[in-house]
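S.K.: Sequence first, then the predicted structure:
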Amino acid sequence: MNRILVTGGVGYIGSHTVVELMQQGYDVVIVDNLSNSNIQVLDGIEAIVGRRPDFVNVDCCDYVALDNVFRTYTDIVGVIHFAASKAVGESVERPLLYYRNNTLSLITLLALMQEHKVNHLVFSSSCTVYGQPDPEHLPVDETAPRKKALSPYGNTKRINEDIICDQAHACPSLHATILRYFNPIGAHPSALIGELPNGVPNNLLPFVTQTAAGLRKELRVFGNDYNTPDGSCIRDYIYVVDLAKAHVKAIQRMLGGQAEEQVEIFNLGTGRGLSVLEIIRTFEQVTGRKLPYTIVGRREGDIEQVWADPRKANTVLGWSADTPIPEVLLSAWRWEKHLRNIED
Ligand code: UFG
């Protein structure tokens, strides 16, 4: 059987992808050092799928330990590489940690893939590589220029994309798919897995659901004086389960020999931009909960507005993100309620 190595498979997007892979019949081995995730996620995956994925506690920067995984699992045919540090603010404070973790893990992985003749890689990139696209590039497609990163985290995504392209050039058997995510939100419909932020959430949705659950006094909206219809920032929020399914499509496309280029790049978004205030209003409508919030100043480094042109993924990958946003927000709320034992 075909086995997929999923690094960071205990994390938020990783765990949802493991579920989709296993439901499509793939065997999975997860490599994760649990630095920002909880081993109990494996119970959630098992409860959903009815099988437990193999798991090895390994840091992807550890060449010897990762080599052992490839030696043990000789049936690995592809790798999906999620494992990375991802807090934008922390990356500004601790750039070396980010450059080390995020680039060294990819380099180690690519070296071992070459060594063990594993030729298919899916890489988690981000729309952060586009920065604030110029107006003529909104919605943003894959041909839009990449801009100077606003944080070391963002820079590692850009550097890693380049590392993959250079390695593919040097190693003709390697095929890679670079997936540029817009803003993943929501949780599995079972409410058995979801996002588990450490401490005070940085991202909008976990802060929204924690506020609705009473864990936070109020949500702060970072700025209402942007050049957008209601003054708050606009993002392309994509359901994490839709996003997870794109990974299965990407790996299937490469394994089936359908990839037209050695490195293919896809934007993964809905094609629709929503403002922070629209998210708040919709969340209140679908959950019936009042969400206390105040408008505060802009957050440093925030991009005003970005949303995807996902047509390449729609046509070439045969994938689209079509779960309606009310359903997505409800899934996030059901997950928060599950975590906090909140009854309706
Ligand atoms: N926001 C608030 N209040 C909060 C949190 C967020 O108003 O408490 C706003 C932000 O200002 C932004 C929007 O909600 O306008 C979304 O913010 P997130 O932090 O959820 O997402 P970002 O778009 O800032 O960042 C995300 C990922 C990064 C990635 C980036 C790529 O978290 O990892 O997208 O564009 F780099």
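M.R.: Perfect, thanks for sending it.
S.K.: For the rest of this, base every contact and every neighbour count on C-alpha atoms.
M.R.: Fine.
S.K.: Tell me which residues are up against the longest helix along the chain.
M.R.: Assignment by DSSP state H gives helix 152-170 as the longest helix of the chain. Residues outside helix 152-170 that contact it (Cα atoms under 8 Å, 6 or more residues apart in numbering) are 85-88, 91-92, 95, 98-99, 102-103, 106-107, 110, 125-126, 128-129, 148-149, 174-176, 178, 262-263.
S.K.: So which of these sit within strands?
M.R.: Judged by DSSP state E, the contacts of helix 152-170 include S125, S126, H175, A176, I178, V263 as members of strands.
S.K.: Next, format the residues you listed as CSV and append neighbour count and distance to the ligand.
M.R.: Shown next, in CSV, are these (neighbours: other Cα atoms under 10 Å; distance: Cα to the nearest ligand atom, whole Å):
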residue, neighbour count, distance to the ligand
S125, 25, 9
S126, 19, 6
H175, 27, 25
A176, 28, 21
I178, 22, 15
V263, 19, 21
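S.K.: sorry, back to before: buried stuff in the longest helix of the chain?
M.R.: Within helix 152-170, the residues that count as buried by 16 or more other Cα atoms under 10 Å are 152-161, 163-165, 167-168.
S.K.: List the contacts of the lowest-mean-pLDDT helix or strand in the chain.
M.R.: Taking mean pLDDT, DSSP states H and E as the measure, helix 88-93 is the helix or strand of the chain with the lowest mean score, a mean of 93. Helix 88-93 has contacts (Cα under 8 Å, 6+ apart) with L97, Y98, S151, P152, Y153, G154.
S.K.: got it, and stretch 214-234?
M.R.: Contacts of stretch 214-234 (Cα under 8 Å, 6+ apart): 207-208, 210-211, 273-277, 291-299, 303-307.
S.K.: Could you tell me which of those residues count as buried?
M.R.: Buried members of the contacts of stretch 214-234, counted by 16+ other Cα under 10 Å: 207-208, 210-211, 273-277, 291, 298, 303-307.
S.K.: In helices, which of these appear?
M.R.: Reading helices off the buried ones among the contacts of stretch 214-234 with DSSP H, I get F207, V208, Q210, T211, V276, L277.
S.K.: hmm, back to that, of the contacts of stretch 214-234, which are in range of the ligand?
M.R.: By Cα under 6 Å from any ligand atom, the members of the contacts of stretch 214-234 lying near the ligand are F207, V276, R299.
S.K.: Quick check: phi and psi at the last one.
M.R.: Phi and psi for R299, reported as degrees, to the nearest 10, are phi -90, psi 130.
S.K.: Phi and psi next, for the closest residue to it other than its chain neighbours.
M.R.: Using Cα to Cα, 6 or more residues apart in numbering and skipping residues adjacent in sequence, the residue nearest R299 is F222, 5.5 Å away. Dihedral angles of F222 (phi, psi; degrees, to the nearest 10) stand at phi -80, psi 80.
S.K.: Next, count neighbours for F222.
M.R.: 18 (other Cα atoms under 10 Å).
S.K.: List the beta-bridge partners for it.
M.R.: For F222, the beta-bridge partners are V296 (DSSP bridges).
S.K.: how much space is there between it and the ligand?
M.R.: 4 Å (Cα to the nearest ligand atom, to the nearest Å).
S.K.: Check what pLDDT the residue nearest to I295 when sequence neighbours are not counted gets.
M.R.: In space, and not counting its chain neighbours, I295 is closest to V221: 4.7 Å by Cα to Cα, 6+ apart. At V221, the model reports a pLDDT of 98.
S.K.: what number of residues lie near V221?
M.R.: V221 - counted by other Cα under 10 Å - has 19 other residues nearby.
S.K.: quick one on the thing from earlier: among the ones in strands among the contacts of helix 152-170, which two are most distant?
M.R.: The most widely separated members of those are S126 and H175, with 19.1 Å between them, by Cα to Cα.
S.K.: picking up where we left off before, show me how to select, in PyMOL, the buried members of the contacts of helix 152-170.
M.R.: Burial among the contacts of helix 152-170 is assessed by 16+ other Cα under 10 Å; the matching PyMOL selection reads:
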select buried, resi 85+86+87+88+91+95+98+99+102+103+106+107+110+125+126+128+129+149+174+175+176+178+262+263
